[in-house]
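In: Just a sequence and a predicted model for now, questions to come.
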Amino acid sequence: MEKSKIEAMILDPGFDYLQPYFYNNPYALRCELGGGKTKAAYMRRARQRAKKIYETLFPRGADAIIFSYRITDWSDSGEPDAMRFGETEETIRLRLRRETQALRFLSECMMKYRHVSVKGLKTDLEPDDPDWDSVRRNRIVCYADDGGFDDRKLMEHQLVRDDGRELGLVSFDNECILSVYDDRGCDAVFATYEKMAAFYPLLEPFFLDYDRAEMKNRLAKGSVTSV
């Protein structure tokens, strides 16, 4: 079966998909989630808006999830990593907890779902960075097939996450990736201008005002090759 454009993109090592997703992809829309005078009201609004955005883009559920996993090797530094980064006992425990949570999530997904690993992706580092040779990044693509994902659990985690997990939900029919970066907002990245234009009016009520002018400009410009 011929792959959808978005599936071909997420399987392509040349598709970087680096944050910030909105600014790094020409066919992208940015939405605001949380808001309110109290923390409870803020989170309530974030959950409600995230649910509506998800249901708009994934009426039948997500077809795949993508997980960006960074592999870091500082074992040749000659010094304890805690000294190298000036970390305290508290930050060490936090880092270990985040790494453990990320690895557990990755392992669970790979055990439960058909998956493909796209290796050797571009990182945020430049060649002249001293850590250039120490950091690698892979993208794990997990397919829902007939089983589906616990979408509610995934979305809830993304809203309150504290483990640095970089996760995107993918629709093959609607040719898009939805990445919730936290309770503040999310980016919807489309494979084509036509799909972005089709969902523009549906997502417009959720747009982040700060980037509204840029989104309007993208819609008006039509098909483009770069931002």
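Out: That came through fine.
In: Low-confidence ranges, the chain, go.
Out: Scanning the chain for pLDDT under 70 picks out 1, 74, 76-86, 161-165, 223-227.
In: Identify the residues contacting Y42.
Out: Applying C-beta atoms under 8 Å, 6 or more residues apart in numbering to Y42 gives the contacts 34-36, 183. For every residue, glycine as well, the C-beta is placed using N, CA and C.
In: Let's see that with 10 Å instead.
Out: Counting by C-beta atoms under 10 Å, 6 or more residues apart in numbering, Y42 makes contact with 33-36, 183-184.
In: likewise A188?
Out: So A188 contacts 21-22, 25, 27-31, 53, 56-57, 168-169, 171, 174, 176-180, 195-196, 199-200, 203, 206 (C-beta under 10 Å, 6+ apart).
In: That one and F22: what is the separation?
Out: 9 Å (C-beta to C-beta, to the nearest Å).
In: Which neighbours do the two have in common?
Out: Listed as contacting both A188 and F22 by C-beta under 10 Å, 6+ apart are 28-31, 179.
In: ranking these by neighbours, who comes first?
Out: L29 (29 neighbours; other C-beta atoms under 10 Å).
In: tell me the SS of it?
Out: With DSSP: H, G, I helix; E, B strand; the rest coil as the basis, the three-state label of L29 is strand.
In: For it, which non-adjacent residue is closest in space?
Out: Nearest non-adjacent residue to L29, counting by C-beta to C-beta, 6 or more residues apart in numbering: A188, 4.8 Å away.
In: after the longest helix seen in the chain comes which helix or strand?
Out: In the chain, assigned by DSSP state H, the helix with the most residues is helix 89-112. For helix 89-112, the following helix or strand on the C-terminal side (DSSP states H and E) is strand 115-121.
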